[in-house]
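Asks: need a structure here:
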Amino acid sequence: MIEHLGNRSETRMSARSELIQWQKRWAEAKGLSPDSKGYLPELESNLLRPLSASAKSGFNRGSGSELLDGPTRPAKMKALHSSSALAVNFFDSWTVRDREPLRNALGIDKNILGIHFEKQYSTGLTGNPPNLDVALELEGGVTIAIESKFSEWLTPKPKNKESFKPKYFSSDEGLWANRGLVASEELARCIHVGDARFRYLDAPQLLKHALGLVTQVGRRFRLWYVYLEWPGKESNAHTTEIDLFSQIVGDELAFRALTYQEVLVEIRRQPDIDRDYLEYLEGRYDGPPD
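Replies: You can find the predicted model right below:
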């Protein structure tokens, strides 16, 4: 039996609000005009460079409504705290340049052949597969699957929120287990019946990505979780949940968690990094401020 994580009564949003205010100050210093919720009027203002053709194609194929305004809300990527914009600003520049510095910064042992955004790996179930933020296709057929988070993890998930739809457990054998992911099957079932609870780490989303990946590419994948760190008690709970997830399924999923701040440290160490790229990342994401 997997033990429950400690129950936490989280009602404040101050840490997330602080992060959004930090991003608003960055935007205003650049002469931009975010609205009260932290959205910019133009998508391009939220990006270091316009989306590459391949990135735009990926987001247009995805089901996350990242680029299109809805009838009652702006496009998600217009948010200063958008995790997809964060991923684009870090990774899209490398779609059109030598990827060796990125490979070295991430400690990857094979050449990066392709960078894809919002890629979907079908589980074979009905409905839309989850959108994977970034997929790095490596030489030799291995995929590094990156789930990107900016402010999302700072908001605890409701205790009564359904983590998995019944379709994930219609088979007695188990969708994960019959694809060789036995530990993932156990964790998914424990979450589903309430024997394990993750309130800051979206463990169900990661497990759904793993199911899609193993269905489409077999065991030739590594699942990475890359997030912007922010101090506070939310961070402590988030780290505890990352550690628990890693203990249970880390080896099985080749799981790795790291912060965007850690990625930036390694990018700085690479020779001949584009100055505009580095200065943008440092000015916007090298925080939080003291």
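Asks: for the residue nearest to residue 124 when sequence neighbours are not counted, what are its contacts?
Replies: Nearest non-adjacent residue to residue 124, counting by Cβ to Cβ, 6 or more residues apart in numbering: residue 215, 5.8 Å away. Heads up, the C-betas are built off the backbone N, CA and C, glycines and all. Applying Cβ atoms under 8 Å, 6 or more residues apart in numbering to residue 215 gives the contacts 121-124, 179.
Asks: quick one: low-confidence ranges for the chain?
Replies: Across the chain, the ranges flagged by pLDDT under 70 are 1-13, 64, 288-290.
Asks: Dump the longest helix along it to CSV, restricted to CA.
Replies: The residue-count maximum for a helix in the chain (DSSP state H) belongs to helix 233-253. What follows is helix 233-253, C-alpha atoms only, in CSV (Å, rounded to 0.1, in the frame of the first residue of the first chain):
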residue,chain,number,x,y,z
LYS,A,233,5.9,25.9,1.7
GLU,A,234,4.3,25.0,-1.6
SER,A,235,7.9,24.3,-2.9
ASN,A,236,8.6,22.0,0.1
ALA,A,237,5.4,19.9,-0.6
HIS,A,238,6.1,19.9,-4.3
THR,A,239,9.6,18.6,-3.8
THR,A,240,8.3,15.9,-1.4
GLU,A,241,5.9,14.7,-4.0
ILE,A,242,8.5,14.7,-6.8
ASP,A,243,10.7,12.6,-4.6
LEU,A,244,7.9,10.1,-3.8
PHE,A,245,7.0,9.8,-7.5
SER,A,246,10.6,9.2,-8.4
GLN,A,247,11.0,6.6,-5.7
ILE,A,248,8.0,4.6,-7.0
VAL,A,249,8.4,4.9,-10.8
GLY,A,250,11.6,6.8,-11.4
ASP,A,251,13.6,3.8,-12.7
GLU,A,252,10.7,2.4,-14.7
LEU,A,253,10.1,5.8,-16.5
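Asks: Cross-check the contact I'm expecting between residue 163 and residue 189.
Replies: No. Residue 163 lies out of contact with residue 189 (Cβ atoms under 8 Å); the separation is 10.6 Å.
Asks: in stretch 92-104, what counts as buried?
Replies: Burial within stretch 92-104, assessed by neighbour count using 16 or more other Cβ atoms under 10 Å, is assigned to 92-95, 99, 101-103.
Asks: That one: how far from the chain's middle?
Replies: 19 Å (Cα atoms, centre = their mean, to the nearest Å).
Asks: Which residues does that stretch contact?
Replies: Contacts for stretch 92-104 (Cβ under 8 Å, 6+ apart): 47-49, 51-52, 54-55, 91, 110-112, 115, 117, 266-267, 270-274, 277.
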